[in-house]
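A.B. asks: quick check, what structure comes out for this input:
(one chain, ligands or ions: 2)
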Amino acid sequence: MNWQPTDCHAHTTFSDGALTIAQVVERAASLNVLPSVADHISRDVARAVDSVEAARKYIDALEEYDVLRGGEFCWHDSLWRELPDDLVARFTHRLGSLHAIRLPSGDLVHAFSRRLPAVISPDEYMWAHLESLETLAREMPVDILSHPTLVTLPFRQLPTDELWTEEREERMVEALFAAGIAFEISNRYRPHERLVKRAIDRGVRISLGSDGHTLEQVADVAAPLGMARRLGVRDEDLYDPRRHGSKTTVRA
Ligand SMILES: [Zn+2]
Ligand SMILES: [Zn+2]
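C.D. replies: Ligands and ions are numbered 1, 2, ... in the order given. Model prediction:
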């Protein structure tokens, strides 16, 4: 069979998506993409799978379909730490997200909040962002870092070069490489090419993610796939848990 891209990151009505699991599977098939569901599993997302029991029901439901069973976990929330091993092993892959970062003061800066908890400069924010990212990479047993360039709303419009200095890019890429975590090319929060190239050059695996919540968005990985190919990544090297394995199935 011909190779098909895998969308490692899509949402359903189990969290904040608009489609059912069946609709995600159908939409992906129509785009010749292998589907995953990776709903929010967190106590700090408005609509999410928000308990161990709910996560069990979510996986039960996914197992009824021919679909990869992912989950998107907030690093700053503790639910991912509470899932028992037998439940973790039923996920095909897991994504870690910096939906909030921790300032040196201990305050959290949420990615989707319009207000900062304190007066901080973009530079202070970005150093704290990198600290949080490195902690995520050290402590979170995930396969993919979701939308690696997502930053908090108040700073989202700043020029890329101001946010992502070469030193910060280096630190991100080293942390991902050391932890064996893939870099997601998100169709929703598109990374700049220099950073993706740096990750590829360091040997970090690349993952494609629509981060789709609607029919239009789910399984649309054309632009991320185009970028990966342009930067010389072979199709078969793009992250696919069936081919490359997952930390969910590796026992400590
Ligand atoms: Zn996310
Ligand atoms: Zn997402």
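A.B. asks: over to Lys57. Which of the three states is it?
C.D. replies: Put simply, Lys57 is helix when judged by DSSP: H, G, I helix; E, B strand; the rest coil.
A.B. asks: pLDDT score for it?
C.D. replies: The model reports Lys57 with a pLDDT of 98.
A.B. asks: same thing with Glu124?
C.D. replies: 96.
A.B. asks: looking at this, it is in a helix?
C.D. replies: Yes. Glu124 forms part of a helix when assessed by three-state DSSP.
A.B. asks: chain neighbours aside, what residue packs nearest to it?
C.D. replies: In this structure, Glu124 finds its nearest non-sequential neighbour in Leu103, 7.7 Å apart by C-beta to C-beta, 6 or more residues apart in numbering. No exception for glycine: its C-beta is placed from N, CA and C like everyone else's.
A.B. asks: which ones are touching the one you found?
C.D. replies: Val109, Pro117, Ala118, Ile120, Glu124, Ala128 (C-beta atoms under 8 Å, 6 or more residues apart in numbering).
A.B. asks: 10 Å - rerun?
C.D. replies: Val109, Leu116, Pro117, Ala118, Ile120, Glu124, Tyr125, Trp127, Ala128, His129, Glu131, Ser132 (C-beta atoms under 10 Å, 6 or more residues apart in numbering).
A.B. asks: pLDDT score for it?
C.D. replies: pLDDT, read off for Leu103, is 96.
A.B. asks: name the SS class of the residue lying farthest from the centre of the chain, please.
C.D. replies: Distance from the C-alpha centroid of the chain, by C-alpha atoms, centre = their mean, peaks at Val119 (28.2 Å). Under three-state DSSP, the three-state class of Val119 is coil.
A.B. asks: contact partners for it?
C.D. replies: Val119 neighbours (C-beta under 10 Å, 6+ apart): none.
A.B. asks: would you pull up the residue in the stretch 51-200 of the chain closest to ligand 1?
C.D. replies: Ser97 (4.4 Å; C-beta to the ion).
A.B. asks: test my guess that that residue contacts Phe112.
C.D. replies: No. When contacts are counted by C-beta atoms under 10 Å, Ser97 is not listed as touching Phe112 (11.2 Å).
A.B. asks: list residues touching both of the two?
C.D. replies: Val45, Leu150.
A.B. asks: looking at those two, which is more packed in?
C.D. replies: Ser97 (28 against 11; other C-beta atoms under 10 Å).
A.B. asks: what does the protein have sitting close to ligand 2?
C.D. replies: Glu72, Asp211 (C-beta under 5 Å from the ion).
A.B. asks: and the helices in the chain?
C.D. replies: With DSSP state H as the criterion, the chain has helices at 21-30, 52-62, 79-82, 85-88, 122-139, 160-163, 166-179, 193-202, 222-230, 241-244.
A.B. asks: now render those as TSV, adding distance to Asp44 and mean neighbour count.
C.D. replies: Listed next are the helices of the chain as TSV, based on distance: least, C-beta to C-beta, whole Å; neighbours: other C-beta atoms under 10 Å:
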stretch	distance to Asp44	mean neighbour count
helix 21-30	23	18
helix 52-62	14	16
helix 79-82	9	16
helix 85-88	20	13
helix 122-139	14	18
helix 160-163	23	12
helix 166-179	22	17
helix 193-202	26	17
helix 222-230	26	17
helix 241-244	25	15
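A.B. asks: turn these into CSV, columns for distance to Thr13.
C.D. replies: Conversion of the helices of the chain to CSV gives the following (distance: least, C-beta to C-beta, whole Å):
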stretch, distance to Thr13
helix 21-30, 8
helix 52-62, 10
helix 79-82, 19
helix 85-88, 21
helix 122-139, 27
helix 160-163, 33
helix 166-179, 31
helix 193-202, 31
helix 222-230, 24
helix 241-244, 23
